[in-house]
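Engineer: Predicted model and sequence follow; I will ask about them next.
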Amino acid sequence: MPEHSNVYYIRNSTDGTYTPCKNAVSVRNEINADLFHNKGNIYEGSTGVLVCDASKLNEVLSSYKGREKSFKETVQEFADKYGLSPRYTQPEIKKSELFPRNDNRKLMPTLYHKEKCWFTRFPNEYGLDLYQMDKEKSVYQTLYAPCNNWMIGLGPSYSLEKIVEIMNHPDFNLYENLKSQFENDLENPQKWADISVAAFLGRIDEANAHNQPIREMRAAESKELEAQREAARIEREERETAEYSSAMSSAEQAILDKGTISNKEINGKDLL
């Protein structure tokens with residue numbers, strides 16, 4: 001089959017013009033013809049000519065069973081007389097060129113989400129290219145700005161004026177700002193480098209190498225803290241046990257001396 005585009009076109013029988021179809025789908029068939037379905041009808045792909053109503057496709061295909069060559073010859077005769085569809089004469093044209101995506105919505109990654117999220121353009125009188133994440137439900141949603149095919153959060157919508165002030169500053173460059181902050185973190189051996197920002201910058205290896213000593217130090221600190229907590233727990237239990245034993249001994253002696261015993265609570269336990 002000759003090279004063709006991923007766009008299907010319908011031929012207008014009145015003036016011979018072709019209309020591209022946004023939602024047309026290919027139809028597999030027994031005679032291996034280039035057929036497509038659009039709005040309840042079946043069309044031939046190389047010419048854009050109507051073949052039949054979609055409900056009658058099986059009937060038409062059955063009529064050509066065993067004589068597929070006849071169908072192809074009919075298509076060729078029509079193409080020779082009226083020409084081919086742009087699907088074949090202009091194979092370089094892509095559907096995305098004829099039907100551009102809705103720029104009001106974008107599916108893009110952001111710094112602190114594992115998967116890409118949908119964003120919708122945030123209308124504003126300043127003409128800034130700002131978006132809100134579709135799945136955020138708070139009253140004052142975060143405003144995002146696209147940067148290198150990522151969405152970067154700038155601040156809550158109620159701070160729009162502040163965001164405008166920052167973005168309109170002559171030196172404002174979102175990518176360079178994030179890069180500068182990241183590199184400042186790398187220069188500080190005590191500062192944790194943000195892995196999400198590192199992913200955005202394509203510098204995860206640097207961030208991991210920088211964070212490893214910090215991770216080890218924090219693990220050691222956590223282990224030491226846990227040891228201190230365990231030692232304090234053991235000391236507390238030993239002290240409580242000693243207090244209870246002492247109180248028991250005093251009570252036993254009071255019984256022997258036929259004295260009075262107060263059933264007081266010792267460390268959460270009744271004495272008697």
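Structural biologist: Received, thanks.

Engineer: Can you give me the distance of Asn32 to Glu44?
Structural biologist: Look at Asn32 and Glu44: by CB to CB, to the nearest Å, they are 12 Å apart. The C-beta positions use only the backbone N, C-alpha and C, and glycine is treated the same way.

Engineer: which residues are in contact with the helix or strand harbouring Phe71?
Structural biologist: Using DSSP states H and E, Phe71 sits in helix 68-82. By CB atoms under 8 Å, 6 or more residues apart in numbering, the residues outside helix 68-82 that reach it are 11, 16, 30-33, 44, 46-47, 49, 64.

Engineer: Report pLDDT for Ser138.
Structural biologist: Per-residue confidence at Ser138 stands at 78 (pLDDT).

Engineer: Distance check, it against Phe122.
Structural biologist: For Ser138 relative to Phe122 (CB to CB), the value is 14 Å.

Engineer: pLDDT at Ser85, what is it?
Structural biologist: 95.

Engineer: swap that for Asn102, please
Structural biologist: 69.

Engineer: helices or strands up against the strand or helix carrying Tyr43?
Structural biologist: Here Tyr43 sits within strand 41-44, counting by DSSP H and E. Contacts defined by 3 or more CB pairs under 8 Å, 6 or more residues apart in numbering; DSSP states H and E place strand 41-44 against strand 35-38, strand 50-53.

Engineer: So which of those strands is the most surrounded?
Structural biologist: Across these, averaging neighbours per residue (mean count of other CB atoms under 10 Å) puts strand 35-38 on top, at a mean of 19.

Engineer: Packing partners of that one?
Structural biologist: So strand 35-38, by 3+ CB pairs under 8 Å, 6+ apart, packs with strand 8-11, strand 25-27, strand 41-44.

Engineer: Give the pairing partners of the strand holding Tyr43; include direction for each.
Structural biologist: strand 35-38 (antiparallel), strand 50-53 (antiparallel) (DSSP bridges).

Engineer: With distance to Glu237 and mean pLDDT added, can I get these in JSON lines?
Structural biologist: Shown next, in JSON lines, are the strands paired with strand 41-44 (distance: least, CB to CB, whole Å; pLDDT from 0 to 100):
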{"stretch": "strand 35-38", "distance to Glu237": "77", "mean pLDDT": "95"}
{"stretch": "strand 50-53", "distance to Glu237": "85", "mean pLDDT": "95"}
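
Engineer: Asn32 and Glu44: which is more packed in?
Structural biologist: Glu44 (21 against 11; other CB atoms under 10 Å).

Engineer: Return the set of residues that bridge with that one.
Structural biologist: Assigned bridge partners for Glu44, using DSSP bridges, are Leu35.

Engineer: Check the gap between it and Ile10 for me.
Structural biologist: Counting by CB to CB, the gap from Glu44 to Ile10 is 10 Å.

Engineer: Who are the packing partners of the helix or strand harbouring Ala209?
Structural biologist: Ala209 is part of helix 204-256 when elements are defined by DSSP H and E. Counting contacts by 3+ CB pairs under 8 Å, 6+ apart, helix 204-256 packs against helix 174-187, helix 195-201, strand 265-266.
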